[in-house]
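1. Build me a model from this:
(chains A and B)
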Amino acid sequence: MTSFTATVIKQGDDICVISISGYLDAHTASDLESTMQRVLTDGCRRIVVDFSHLDYISSAGLGVFMVFIESVRKDGGDIKLASMKDKVFSVFDLLGFPVLFEIFPSVSEAVEAFPASA
Amino acid sequence: MMTPVHDNATLRIVAKTKHLARVRTFIHGQISQLGFSEVEENNIVVAVDEVCANLIQHAYHNQRDAFIDLHVIIESGAVRVEISDNAAPFNPSKSQLPDMRQYFAEHRHHGLGIMLMTRVMDAIEYRPAGSMSTLNTLILTKRRTH
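-> Residues are numbered from 1 along each chain as shown, chains lettered A, B, ... in the order given. Next comes the predicted model:
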């Protein structure tokens, strides 16, 4: 119940899929924050987060997405969330996060939800 | 008061965020046979994790030799988790909870742990250190419905 990893895969020209796995809590949230910061520094603004291998999230993990969502949307991008286990979705749902973030059943649906590039 | 069915599960951790995983393993192990769904079990684990994370980061400020004691009491109708610390007293159940619409509008990113705890647990009681104990204790109760 300790490890956390985040890996980034570029999909197409301008979508970055961040696959997260393990346990995202007050101890590991800074790892995701570093990864998100690196993705933004590299210029990506269309971000999909793949939760399919994430087993646990606490409010510290949710806070990471709040850190970046405003600036990403200001630049015309978005952070879309995909493929959550029920227990992980429940934590988002308890706090009303589905109002602010689009959550998709699969990564492919999240990717397709981005409008075509100009 | 209900009679405890099981009353000897305790854990002490050094108050460091790297030990939150031990808290989760301990709590999950205690509640996994009580008839809660996987989502309910996880939500209880999250509530306890949030309390411990708040103590570590905000009450103890990562100070050395700080500790947190956990005690799980299984009753026929409920499970109680007692979380004890020797930091300055702070009653989270008296905290003002954020208005989530305002929270999202302002793009805040901290301060949701207590909100999560209150949304998951059925009762929250706080006993500050005093003549009965040198430790502050927060008692989280979740009713068993199965």
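
2. If we go by neighbour counts, what in the helix or strand residue A:66 falls within is buried?
-> In this assignment (DSSP states H and E), residue A:66 forms part of helix A:59-74. By neighbour count on 16 or more other C-beta atoms under 10 Å in any protein chain shown, the buried set for helix A:59-74 is A:59, A:60, A:61, A:62, A:63, A:64, A:65, A:66, A:67, A:68, A:69, A:72. All C-beta spots, glycine's among them, are computed from the backbone N, C-alpha and C.

3. quick check, the next helix-or-strand element following that helix touching chain B?
-> Proceeding C-terminally, helix A:59-74 gives way to strand A:78-82 as the next helix or strand, assigned by DSSP H and E. No: judged by C-beta under 8 Å from any C-beta of the partner chain, strand A:78-82 stays clear of chain B, getting no closer than 12.2 Å.

4. which secondary structure elements does strand A:78-82 contact?
-> Contacts defined by 3 or more C-beta pairs under 8 Å, 6 or more residues apart in numbering or on different chains; DSSP states H and E place strand A:78-82 against strand A:46-57, helix A:59-74, strand A:103-104, helix A:107-112.

5. Can you list the strands that that strand pairs with?
-> Here strand A:78-82 has these sheet partners by DSSP bridges: strand A:46-57 (parallel), strand A:103-104 (parallel).

6. Name the surrounding residues that touch the first one.
-> Yep, that's strand A:46-57 we're talking about. Residues from elsewhere that reach strand A:46-57, judged by C-beta atoms under 8 Å, 6 or more residues apart in numbering or on different chains: A:1, A:11, A:14-25, A:36, A:39, A:65, A:72, A:77-85, A:87-88, A:91-92, A:107, A:110-111, A:114, B:24, B:42, B:45-46.

7. which intervals of chain B have sub-threshold pLDDT?
-> For chain B, residues meeting the criterion pLDDT under 70 lie at B:1-8, B:62, B:146.
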